[in-house]
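Engineer: next input, structure requested:
(chains A and B)
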Amino acid sequence: MTTAPTKTDTLLSVRDLVVEFGAKGQTPFRAVDGVSFDVRPGQTVGLVGESGCGKSVTSLAIMGLLPKRGNKVAGSALYDGTDLLTLDDREMRDRRGRDVAMIFQDPLSSLNPVVSIGVQVAEVLQRHRGMKKAAALAESRDLLDRVGIPDPTRRLKEYPHQLSGGMRQRALIAMALACKPRLLIADEPTTALDVTIQAQILNLLKELVIDSGTALIMITHDLGVVAGLCDEVNVLYGGRIVETASRHEIFATPRHPYTNGLLGSIPRLDGARSEQLAAIPGSVADNIPWTTGCAFAPRCSRAIEVCRTEPPVLEQDPAAMEEHALRCHNPWPIDEGTRGPA
Amino acid sequence: MNPLQRKKDRIDALAATAAGGGDIPDAGHVSESGGLSLIGSAWLRLRRNPVFLIGAAITVLFVLLAIFAPLIAPHNGTTKYLISQVTPDTPIPPSQKGFPLGGDDQGRDFLSRLILGSRQTLIVGVLATLAGLFGGLVLGTIAGSIGGWVDSVVMRIVDVMLSLPSLVLALAVATLFGRPSQWTLIIAISIVQVPIFARLLRGSMLTQRASDHVLAARALGVRPAAITFRHMLPNSLGPVLVQATLVLATAIIEAAALSFLGLGNPDDSSAEWGQMLGKAQDLFDISPHVAFWPAGCIVVVAFGFTLMGESLREALDPRNRR
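Structural biologist: Prediction:
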């Protein structure tokens, strides 16, 4: 765990975030285990990993949206100098949607089915900018227009089930951006959409969020999304960051066997048809606890004796030219590391 | 499993199937007309459902009958036109010109009393259901939106209410007010309905509370009151409203049963079907028609409400969407 001093120009600084689930008396389950990362204004940071690696829980913890009972959150998340994790309910509520907003994976279920789109967008404006209903509706129209929804005046009166999947996600982005938050968390915003729509939504995020200077935390398992959007990438495994570097660095020289596995399991358009798709063997269920060794060791082709006895620490890769931290006893050598199976 | 637990399970199961307003699968059909709500599309399906149309026809007929009863009834319900024909040998005046169903045991026109009786029956049924619905909405909203220990306390109170048989409750309420009347009847029936509505609403509120759109609303900083009343309650009402149409039928039957047992309004100047049925028990072997007509009316009306409620439940059930 690196507890690096917070840089002065960071917008959000997450330090040693720990989230544990479990009822009293039971051994708690650590979903997030000491995650630290920084987001600078206007920067896009990726949190990458497979299901159950703790990426969504990290974002919910930052937003203060975890259920009140049955979990324990430790660490800090400094937003502009204020620790979001220590704010009380009311203060955090005032910040959500105004300073920090979030969009979710499934655009249909994230919209209230019995309230029209216009009222849902206007609700945010009325809540945080104290607008009257008529003014808020007019502003909502402009917002829908900005996110590229055609015929926004008509769409204002429509209900979520009448919109297509892409339009729903656009409407949710409009709601999230309504109060011009400085940080947007996108939790797999394109997973529930089909591929052509995915590209449109990613372009929209790029245009509206990144170009307007809003910082973005992009939670995804899709390295294609990472390649298209992110400035910095944090790869999570079993609740810990296992590799972190700039996008360029991580795609050029992935050192951690897990990152390599993720890259290797992307189907390639130029590969031979007979070629088998490389997969990482096993599943998250095979993990061993981080306290006894490397959680990825049981699935790792490069696992050596020390991996099962001593937990690796996250440290700067001495061979890297730029910032590139790694949590591995036996990383891939730089020259032959790319595209190898795990 | 004891009967109370079974009762609770049944209500919770109904809540679970009918709730879930949030996870309606995308039908993929985007309608051309703007502003079509869920209720609107449910109505489109209902309009083509013969079961609903029959139920609605019966219900509308019954309501119209109740509203215009004094205009439709050929005579008034209190004048003892045929009192001269009431003798120990013939306690019920037979059918005759001007009095197609004959008279009752006091010589009043039976048909007119049957028509006028629809009014009292509707009033008792609707008021009892509305009162029960209101109580259930308040308790269910409190339990479902606040949760935690409040939820536990409210639900235990509801469980106690659920364990009281309506008959015993009606007796208790009547005793409390000194004597049975139409109002004790309404209060007793509505109290019995409260736990059903409360449990149903709480169940679907809990489903809503865990839903994605409520999480999304919270992520935008929406206040708890708005979450409850704009995002949770409207999405939870479906099963409760369906239950209300079904309860309306039960309330009418229950009112009839309580009146039959003498726990209704003892003053019979304004006719009521259950009360008419109750009085018919002494005369049933001599003149079965005095029991047949009010009983038949109750059955038909209850049937109408049930058909309507069932088809409404089907129409609002997300899994039946095409």
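
Engineer: who are the neighbours in contact with the residue nearest the centre of chain B?
Structural biologist: Among the residues of chain B, the one closest to the centroid is residue B:248, at 1.2 Å (CA atoms, centre = their mean). Residue B:248 makes contacts with B:125, B:126, B:129, B:305, B:309, as judged by CB atoms under 8 Å, 6 or more residues apart in numbering or on different chains. Yep, even glycine has a C-beta here, placed from its N, CA and C like the rest.

Engineer: quick check: the first one touching residue B:252?
Structural biologist: Yes - under the criterion of CB atoms under 8 Å, residue B:125 lies in contact with residue B:252, with a separation of 4.2 Å.

Engineer: identify the farthest-apart pair in the contacts of residue B:248.
Structural biologist: B:126 and B:309 (14.1 Å; CB to CB).

Engineer: please identify which of these two sits among more neighbours.
Structural biologist: residue B:309 (22 against 17; other CB atoms under 10 Å in any protein chain shown).

Engineer: measure how buried the residue nearest to residue B:98 when sequence neighbours are not counted is and give me the count.
Structural biologist: Once flanking residues are discounted, residue B:98 sits nearest to residue B:74: 7.3 Å by CB to CB, 6 or more residues apart in numbering or on different chains. Counted with other CB under 10 Å, residues neighbouring residue B:74 total 11.

Engineer: if we can go back for a sec, a markdown table for the contacts of residue B:248, including distance to chain A?
Structural biologist: Below are the contacts of residue B:248 laid out as a markdown table (distance: CB to the nearest CB, whole Å):
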| residue | distance to chain A |
| --- | --- |
| B:125 | 28 |
| B:126 | 25 |
| B:129 | 23 |
| B:305 | 25 |
| B:309 | 20 |
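
Engineer: can you report how many residues neighbour residue A:101?
Structural biologist: Considering only other CB under 10 Å, residue A:101 is surrounded by 29 other residues.

Engineer: what's the answer for residue A:247, then?
Structural biologist: 18.

Engineer: looks like it contacts residue A:225 (just checking).
Structural biologist: No - using CB under 8 Å, residue A:247 makes no contact with residue A:225, being 11.0 Å away.

Engineer: any common contacting residues for the two?
Structural biologist: With CB under 8 Å, 6+ apart as the test, residue A:247 and residue A:225 both reach residue A:46.

Engineer: does residue A:38 count as helix, strand or coil?
Structural biologist: Classification of residue A:38 using DSSP: H, G, I helix; E, B strand; the rest coil returns strand.

Engineer: what about stretch A:263-271, average pLDDT?
Structural biologist: Averaging pLDDT along stretch A:263-271 gives 78.

Engineer: so how far is it from its chain's centroid?
Structural biologist: 23 Å (CA atoms, centre = their mean, to the nearest Å).

Engineer: buried residues, that stretch. List them.
Structural biologist: Residues of stretch A:263-271 classed as buried by neighbour count (16 or more other CB atoms under 10 Å in any protein chain shown): A:263, A:264.

Engineer: could you tell me the end-to-end distance of it?
Structural biologist: 14 Å (CA to CA, to the nearest Å).

Engineer: cool, and stretch A:266-286?
Structural biologist: 22 Å.

Engineer: what's that stretch in contact with?
Structural biologist: Counting by CB under 8 Å, 6+ apart, A:50-53, A:223-224, A:238, A:258, A:261-262, A:264-265, A:298-299, A:341-342 sit against stretch A:266-286.

Engineer: now, which of those sits nearest chain B?
Structural biologist: Distances from chain B to the contacts of stretch A:266-286, taken as CB to the nearest CB, are shortest for residue A:51 (16.7 Å).

Engineer: which ones are touching the closest one?
Structural biologist: Per CB under 8 Å, 6+ apart, neighbours of residue A:51: A:221, A:284.

Engineer: contacting residues around residue B:145?
Structural biologist: Here residue B:145 is in contact with B:205, B:209, B:224, B:227, B:228, B:232, B:233 (criterion: CB under 8 Å, 6+ apart).

Engineer: model confidence for the residue lying closest to the fifth one once chain neighbours are set aside, exactly?
Structural biologist: Once flanking residues are discounted, residue B:228 sits nearest to residue B:145: 4.2 Å by CB to CB, 6+ apart. At residue B:145, the model reports a pLDDT of 88.

Engineer: run the chain-centre distance for the longest helix anywhere in chain B.
Structural biologist: Counting residues, the longest helix in chain B under DSSP state H turns out to be helix B:110-146. Chain-centre distance of helix B:110-146: 6 Å, with CA atoms, centre = their mean.

Engineer: tell me which residues in that helix are buried?
Structural biologist: Here helix B:110-146 shows B:110-133, B:135-137, B:139-145 as buried, counting by 16+ other CB under 10 Å.

Engineer: which parts of the stretch 101-250 of chain B sit against chain A?
Structural biologist: With the criterion set to CB under 8 Å from any CB of the partner chain, the stretch 101-250 of chain B comes near chain A through B:211-213, B:215-223, B:226, B:230-231, B:234-235.

Engineer: try it again at 6 Å.
Structural biologist: Applying CB under 6 Å from any CB of the partner chain, we find that the stretch 101-250 of chain B lies next to chain A at B:212, B:213, B:216, B:218, B:219, B:220, B:221, B:231, B:234, B:235.

Engineer: could you grab the helix/strand/coil label for the residue nearest to the first one when sequence neighbours are not counted?
Structural biologist: Right, residue B:212. Among residues not flanking residue B:212 along the chain, residue A:109 sits closest, at 3.9 Å (CB to CB, 6+ apart). When classified by three-state DSSP, residue A:109 comes out as coil.

Engineer: for residue 54, give me its contacts.
Structural biologist: Defaulting to chain A. A:31, A:32, A:236, A:239 (CB atoms under 6 Å, 6 or more residues apart in numbering or on different chains).

Engineer: try again with chain B
Structural biologist: residue B:307.

Engineer: what average pLDDT does the helix or strand encompassing it get?
Structural biologist: According to DSSP states H and E, residue B:54 maps onto helix B:50-67. Mean per-residue pLDDT for helix B:50-67: 90.
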